[in-house]
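Trainee: following is a predicted model, sequence given first.
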Amino acid sequence: MSKNVQEVKNSLKFKADEKEGLLTVRFGVKKFVIPHKARMMSDGKFMFLSFGASSELYEVDGKGLNAMDKAADGSAAYEALKPSTRKKRGTKKGKSAVELPAALAEALKNLPAGYRLGVAPDGTPKLVKTRTRRKKGE
């Protein structure tokens, strides 16, 4: 799906985190922080900057930033800058569970109730009593 730059700017405006002190101005050797909140997202090729009522999408070109034309195709910038909607933790879809060999599954079934398999300091397996947790107030 092709998106123009204006649609990309509208989409990214509230996905970027708002921060203070992003904008600075240099006069001679002194550098001043502009006291306005701004939203910024960037990667190696594109940068999105939004503050107040205006926002702009830039393309990084060598040492400079080039503002992208509003009618230009912004699909590549959107794909590069949009935040991930995937969960960061947990199992990934499409991966199957690890299969236990039949011999190991049978051995684990033979463990007595209330015990689990542990490892001694010298590396030999041993039975360890399972910890039973009680609810608070009991």
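Mentor: Okay, I see it. Residues are numbered from 1 along each chain as shown.

Trainee: contacts and neighbour counts: CA atoms only from here.
Mentor: OK.

Trainee: lowest-pLDDT helix or strand in the protein?
Mentor: Least confident helix or strand of the chain, by mean pLDDT, DSSP states H and E, is strand 64-67 with a mean of 80.

Trainee: so for the next helix or strand after it, mean pLDDT?
Mentor: Of the helices and strands lying after strand 64-67 in sequence (DSSP states H and E), the nearest is helix 75-81. The average pLDDT within helix 75-81 is 86.

Trainee: try stretch 127-138
Mentor: 82.

Trainee: the least confident helix or strand of the chain packs against which elements?
Mentor: Secondary-structure packing of strand 64-67 (3 or more CA pairs under 8 Å, 6 or more residues apart in numbering; DSSP states H and E): strand 54-61.

Trainee: what does the domain assignment say about the chain?
Mentor: 5-81, 101-132 (automatic domain parsing).

Trainee: same list (those domains) but as CSV, adding mean neighbour count.
Mentor: Below are these laid out as CSV (neighbours: other CA atoms under 10 Å):
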stretch, mean neighbour count
domain 5-81, 15
domain 101-132, 10
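
Trainee: of the ones you listed, which shows the lowest average pLDDT?
Mentor: Minimum mean pLDDT among those: domain 5-81, a mean of 83.

Trainee: coming back round to it: please state the offset of the least confident helix or strand of the chain from the chain centre?
Mentor: Put simply, strand 64-67 sits 26 Å off its chain's centre (CA atoms, centre = their mean, to the nearest Å).

Trainee: what ranges do the helices span in the protein?
Mentor: Under the criterion DSSP state H, the chain contains helices at 5-12, 75-81, 102-109.
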